[in-house]
Structure formats: C-alpha cells, structure tokens
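1. Sequence first, predicted coordinates after that:
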Amino acid sequence: MVTLTQLWLPVLLSAVFVFIVSSIVHMATPMHKGDFRKVPGEEKVLAELRNQGIEPGCYMFPFADSMKECGSPEMLEKCKRGPVGFLTITPSGAPGMGKNLVQWFLFCILVGVFVAYVGTIATARGAGFLPVFRLTGTVAIMGYALGSFPDGIWKGTKWSVVGKFVIDGVLYGLTTGATFGWLWPGA
C-alpha cells in the first residue's frame, strides 16, 4: 500500500512541471491570444463604470433579484434588447501576476494531492509506469480540464475558448500522470 505522505515528491514536482508547461503554453505560443476582445468604446465604458463606483466582484446584466422577476415582461424585454452578459471586475492598479501565479501553483499542488489520494486507493506499491500514468493522468485531466465547461454552459464563454482550456488541462493532466508514473514508489 502507498500512503499519501509517500507521494509528496510527485505532488510537488508535478505542480512545478505543470507550472512550466502552462507558462510555455501561455507565453510562448499564440494559442490563447484571441481569447479576449476589446470592448467597443472602451474609454466611455470605463468612465461610466468609474462614475458608478463599481467595486471588484462578479456582475450579471440585466440582473433580476428573484426567479419571479426573471420571468417578468420587463426583464424579458431587457434580455431581448441586450446586451446580456457577465462582468468580472478586479481590483484597480497596475497588473501584477505574482499573486495569481502563487495561487495557480497552489492549485496545481491541490490537484496533485487529490491525484495522489486517488492513486493511493486504486494503485498498489510497485505498480508499473503505465497503470499509474493512466489512473493519475485521468484524475489530473479531470481536475485541470473539466472546470472549463461550466463557463461555456453558464457564462457564454465561446466554445473555442473552452476547448483551448480543455487542451491545456489535458496537457497538464498528462504531465501530472507522467510525473506520478515516474516517481511511483516501488515494491
């Protein structure tokens, strides 16, 4: 039997390797270049948002306070006229990636911990590379890739963008599975 504590090295190394792969995907390839577009009349939109005193958070428009209001003729007309959407406002200031990168790395460790946990339940000590890779890679792909689908379903994210994030997740999952297969404790 393999314990979770015996898998600290593949958990940490897989997080490091996924961090490197994600950096390459996002900085050295054009894959995600077209994921976002500029809002028409950006200056006017930004000025109005500032005038409204909008705070960081997630917003939906048009917004209904209840399910009853959601089906009202007024709300249906607002939705028909459009635009309809979601808006995420982050804190103002110069873009800083440090906090986001730390959080991403911690998320990679979290996925690795769940991968390790499932691995300890389903895979014996001394298992070969391929069975470990198949199981841990599948669990990691689920952790990295499937979370993109709700954005396409509920938030209107373009399916082409969702697909790119699924491809990212598959790459990260394969990287994680290979790391666990390589470092799985022997007999």
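-> In hand now; what should we look at?
2. Please count neighbours and contacts with C-alpha atoms only from this point.
-> Noted.
3. pretty sure M1 is touching R125, no?
-> Yes. Counting by C-alpha atoms under 8 Å, R125 is a contact partner of M1 at 5.4 Å.
4. On the pLDDT front, check the residue in the chain sticking out farthest from the centre for me.
-> Most distant from the centre of the chain: P73, at 36.2 Å, with distances by C-alpha atoms, centre = their mean. For P73, the pLDDT comes out at 94.
5. and it, what is it in contact with?
-> Going by C-alpha atoms under 8 Å, 6 or more residues apart in numbering, P73 touches no other residue.
6. Tell me how far it lies from A94.
-> Distance, P73 to A94, by C-alpha to C-alpha, to the nearest Å: 42 Å.
7. what are the ranges of the helices in this structure?
-> Along the chain, counting by DSSP state H, helices occupy 8-27, 42-51, 67-70, 73-81, 98-122, 129-145, 149-154, 159-183.
8. Determine which of the ones you listed approaches L87 most closely.
-> Judged by C-alpha to C-alpha, the one of the helices of the chain that comes nearest to L87 is helix 42-51, at 11.2 Å.
9. which residues touch the closest one?
-> So helix 42-51 is in contact with V39, going by C-alpha under 8 Å, 6+ apart.
10. Give me the distance from that helix to the chain's centre.
-> Put simply, helix 42-51 sits 28 Å off its chain's centre (C-alpha atoms, centre = their mean, to the nearest Å).
11. go on, stretch 86-97?
-> 17 Å.
12. Ok, stretch 163-171 next?
-> The answer for stretch 163-171 is 10 Å, by C-alpha atoms, centre = their mean.
13. now what about that stretch, what contacts it?
-> V21, S22, V25, M31, H32, I141, M142, G143, Y144, A145, L146, S148.
14. from the residues you listed, which single one is nearest L135?
-> I141 (10.0 Å).
15. Pull the contacting residues for the closest one.
-> For I141, counting by C-alpha under 8 Å, 6+ apart, the contacting residues are G169, V170, L171, Y172, G173, L174.
16. how about the nearest residue to it, chain neighbours excluded?
-> Nearest residue to I141 in three dimensions, chain neighbours excluded: G173, at 4.2 Å (C-alpha to C-alpha, 6 or more residues apart in numbering).
17. now the helices of the chain in a markdown table, with distance to M60?
-> Shown next, in a markdown table, are these (distance: least, C-alpha to C-alpha, whole Å):
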| stretch | distance to M60 |
| --- | --- |
| helix 8-27 | 28 |
| helix 42-51 | 14 |
| helix 67-70 | 12 |
| helix 73-81 | 11 |
| helix 98-122 | 24 |
| helix 129-145 | 25 |
| helix 149-154 | 11 |
| helix 159-183 | 20 |
